[in-house]
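Undergrad: fold the following and give me the result.
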Amino acid sequence: MTENKAFSPGEELTFKMYYNWKFVWVSAGEVTFRVQDTGDQYHISAIGETYRSYDSFFKVRDYYHSWLDKETLLPTVSVRDVEEGPYRLYDRVEFDRDTGVARSMRGKTKAEAELTNYPVEQCIHDILSIIYFSRNLDFQNMDEGEAFPIKIFIDKDTWPLQVVYRGKDKKKRIRGQGRFDTMIFSPEVIAGNVFDEGANVKVWVSDDKNRIPLQIESPLSVGSVKAVLKDYKGLKHELTAKR
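TA: The predicted model follows:
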């Protein structure tokens with residue numbers, strides 16, 4: 001059982017996305033994370049869209065959903081419905097923890113999706129659940145450079161990854177929001193078409209009871225991307241990390 005002390009239903013976090021190409025930062029779009037209460041589960045959603053002015057360069061319409069068991073913060077159902085340039089994917093995964101199986105309905109579209117079963121471990125996460133689960137971990141006694149393991153099921157496979165704690169950054173300036181006391185983490189990423197091997201991702205998290213992401217910086221195979229907190233509401237605790 002994992003007690004949720006960091007977030008509550010009604011929380012909404014909106015991030016502005018910037019893409020860097022040839023040393024120029026371009027405002028590309030926004031992504032909004034929401035938490036809803038559905039009885040014995042949390043419904044987490046992340047909706048990402050590029051601005052209309054950016055669509056001609058690279059249009060993105062990404063819809064992620066995850067339903068988390070309130071007692072464990074593990075996903076029961078995960079849905080990805082993405083449009084990224086010419087790329088299309090629909091993937092609905094049901095996690096059957098009694099049998100250790102992930103049932104994936106996957107295809108270019110929902111209508112074309114086909115069922116495949118994959119073996120998974122009991123404590124497997126998806127790309128959304130691991131964010132909200134990690135916000136409830138105790139980092140106070142971690143040493144700089146120390147890592148903790150995570151396992152994510154995505155794209156038909158289980159990925160054992162590491163998240164490295166990089167220490168604290170006092171009064172980190174977040175564009176449009178002011179300065180915050182933060183903790184810094186570097187999650188390992190999956191090398192492939194988007195990320196190069198050994199890509200150094202950095203995440204600044206509020207150093208308070210909320211532990212909300214404030215800024216994320218990541219190199220890509222071409223250029224780099226930055227997500228900066230634009231707006232927030234419905235936090236479980238007062239945002240005491242803000243200075």
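Undergrad: ok, Tyr90 to Ile150 distance?
TA: With distances taken as C-beta to C-beta, to the nearest Å, Tyr90 is found 25 Å from Ile150. Every C-beta, even on glycine, is put in place using the N, C-alpha and C of the backbone.
Undergrad: give me phi/psi at Tyr51?
TA: Dihedral angles of Tyr51 (phi, psi; degrees, to the nearest 10) stand at phi -70, psi 150.
Undergrad: ok, it to Thr182 distance?
TA: Distance of Tyr51 to Thr182, computed by C-beta to C-beta: 27 Å.
Undergrad: which one of these two is surrounded by more residues?
TA: Thr182 (24 against 14; other C-beta atoms under 10 Å).
Undergrad: SS state for that one?
TA: strand (DSSP: H, G, I helix; E, B strand; the rest coil).
Undergrad: thought it was touching Tyr165?
TA: No: under the criterion of C-beta atoms under 8 Å, Thr182 makes no contact with Tyr165, lying 12.0 Å away.
Undergrad: so Lys5, which state does it fall into?
TA: coil.
Undergrad: so who does it touch?
TA: Asn136, Lys209, Lys236 (C-beta atoms under 8 Å, 6 or more residues apart in numbering).
Undergrad: just Lys59 next, same as before
TA: By C-beta under 8 Å, 6+ apart, the contact set of Lys59 is Thr50, Glu83, Glu84, Gly85.
Undergrad: could you list the single helix or strand in this protein with the lowest mean pLDDT?
TA: strand 213-219 (a mean of 88; mean pLDDT, DSSP states H and E).
Undergrad: buried ones in the following helix or strand past that one?
TA: Counting by DSSP states H and E, the next helix or strand C-terminal to strand 213-219 is strand 224-233. Residues of strand 224-233 classed as buried by neighbour count (16 or more other C-beta atoms under 10 Å): Val225, Lys226, Ala227, Val228, Leu229, Lys230, Tyr232.
Undergrad: packing partners for strand 224-233?
TA: Counting contacts by 3 or more C-beta pairs under 8 Å, 6 or more residues apart in numbering; DSSP states H and E, strand 224-233 packs against strand 12-21, strand 24-37, strand 213-219.
Undergrad: how far off centre is the first one?
TA: Remark: strand 12-21 is offset 13 Å from the chain centroid, using C-alpha atoms, centre = their mean, to the nearest Å.
Undergrad: given that strand, what are its sheet partners and their directions?
TA: Sheet pairing for strand 12-21, assigned by DSSP bridges, gives strand 24-37 (antiparallel), strand 224-233 (antiparallel).
Undergrad: buried set for that strand?
TA: Within strand 12-21, the residues that count as buried by 16+ other C-beta under 10 Å are Leu13, Phe15, Lys16, Met17, Tyr18, Tyr19, Asn20.
Undergrad: what of the second one?
TA: Using 16+ other C-beta under 10 Å as the test for burial, strand 24-37 gives Ala28, Gly29, Glu30, Val31, Phe33, Arg34, Val35.
Undergrad: and which of these is nearest Arg97?
TA: Comparing the buried residues of strand 24-37 against Arg97 with C-beta to C-beta places Val35 closest, at 21.9 Å.
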